[in-house]
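In: Here is my input; please provide its structure:
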Amino acid sequence: MYSAPERRTPSELRVLYEVQPDVRDVIVEGRVDRRLVSWYLHERGGGRARVYAVDDRIDPQSLTSPGSNPGKRDYVIALAQEVGGLEEPSITCVVDSDRDGFGANQDEGASEVLLRTDFGSMDAYAFQQRPLQQMLSVGLGRDFSASTLISDLTPLLVDLAVARRALHEVGVPVVDRFVRAISKKGGDARIEVPELIRRSLAARGESSSLDEVVGRAEYFHSLVPADPRLIIRGHDIAPLIAWHQNLSGDHARSANLESMMRTSLQASDLDDYPLFQELRRRVC
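Out: Take a look at the predicted model:
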């Protein structure tokens, strides 16, 4: 069972790394990411690496520049900036790319110890054919093609991504039950982005900005990259799988589906991605 260590300040970590340059710490945003990265490095011979969720390794109050209304991603970036510049790569920090795929400033928080996921989030690594097929066949007992599932869900995930990006500019989240905005026209399911934005704004009493936000969503749709995993939100995948496969009970719970997706991954599914190549180079 994972036992969180005593938390340190950035200055204490710098001293630790200077005194023990052979230490290899990897700091990620949360404990779910910690489990995935720790498992992968163990599979690839990175036994000397210690992987921590940022809240377990650092006291957020000791960071000098986490930004306004900071989250875990901000804490990891701030930590990377404050402990960078060491002669030995004793620490590696990893954050989700988030909105970088829409052309956001990818130099944000640039540091030699900071790495970003290859896609919008860590969960997107499981959105590929082999692990999804294993989840469908073994975890859910469904006789359904993973390639068809990916083809069906990708447009919906893109719709959600552009809606989220546009709403982010006005500080409004997408409503939780976004599947209610799915419509089928000509046999193809799509999310009615204007309707989803309208519902999300109305939930916050900000409907006056509807046209502006819809316009921004159309703009962001023009920026969608060739690989949509660069922009999709990992936590959107599970609810759409539950909707698509008409799941019920425990199988429909997002936490359970996300767990099945992650545990269907094999280390070989991750080996060729730049993030995991760099992690191996640094700590294995």
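In: Quick check: buried residues in stretch 263-282?
Out: Of the residues in stretch 263-282, those buried under the neighbour-count criterion (16 or more other C-beta atoms under 10 Å) are 264, 265, 269, 270, 275, 276, 279, 280, 282. Bear in mind the C-beta positions are built from the backbone N, C-alpha and C, glycine included.
In: Dump that stretch to CSV, restricted to CA.
Out: In CSV, the C-alpha atoms belonging to stretch 263-282 read as follows (Å, rounded to 0.1, in the frame of the first residue of the first chain):
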residue,chain,number,x,y,z
THR,A,263,-5.3,-1.7,-16.1
SER,A,264,-5.8,-2.8,-19.7
LEU,A,265,-2.6,-1.0,-20.6
GLN,A,266,0.6,-2.9,-21.1
ALA,A,267,4.0,-1.2,-20.9
SER,A,268,4.5,-1.9,-24.6
ASP,A,269,1.5,0.4,-25.3
LEU,A,270,3.4,3.3,-23.9
ASP,A,271,7.0,2.6,-24.9
ASP,A,272,7.1,4.6,-28.1
TYR,A,273,5.6,7.8,-26.8
PRO,A,274,8.1,10.6,-26.2
LEU,A,275,7.1,11.2,-22.5
PHE,A,276,7.8,7.6,-21.6
GLN,A,277,11.0,7.4,-23.6
GLU,A,278,12.3,10.5,-21.8
LEU,A,279,11.2,9.0,-18.4
ARG,A,280,13.2,5.9,-19.2
ARG,A,281,16.2,7.9,-20.2
ARG,A,282,16.2,9.9,-17.0
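In: List the contacts of it.
Out: Contacts of stretch 263-282 from elsewhere in the structure, counted by C-beta atoms under 8 Å, 6 or more residues apart in numbering, are 24, 26, 36-37, 40-41, 43-44, 46, 89, 92, 94, 115-118, 125-126, 128, 130-132, 134-135, 138-139.
In: Just the buried ones among those residues, please.
Out: Burial by neighbour count, judged by 16+ other C-beta under 10 Å, picks out 24, 26, 36-37, 40-41, 44, 46, 92, 94, 115-118, 125-126, 128, 131-132, 134-135, 139 from the contacts of stretch 263-282.
In: just checking, which of these belong to strands?
Out: Secondary structure defined by DSSP state E assigns 24, 26, 92, 94, 115, 116 of the buried ones among the contacts of stretch 263-282 to strands.
In: what's the most distant pair in those?
Out: By the measure C-beta to C-beta, 24 and 116 form the most distant pair in those, at 18.9 Å.
In: For stretch 199-212, buried residues please.
Out: Of the residues in stretch 199-212, 199, 200, 201 count as buried by neighbour count, 16+ other C-beta under 10 Å.
In: residues making contact with that stretch?
Out: The contact list for stretch 199-212, computed with C-beta under 8 Å, 6+ apart, reads 163, 167, 170, 172-175, 180-181, 194, 197-198, 213.
In: hang on, the earlier thing: pipe the ones in strands among the buried ones among the contacts of stretch 263-282 into TSV and attach pLDDT and distance to residue 190 per row.
Out: Output for these, formatted as TSV (pLDDT from 0 to 100; distance: C-beta to C-beta, whole Å):
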residue	pLDDT	distance to residue 190
24	94	45
26	97	39
92	95	39
94	96	33
115	94	34
116	94	29
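In: so of the buried residues of stretch 199-212, which ones are in helices?
Out: Secondary structure defined by DSSP state H assigns 199, 200, 201 of the buried residues of stretch 199-212 to helices.
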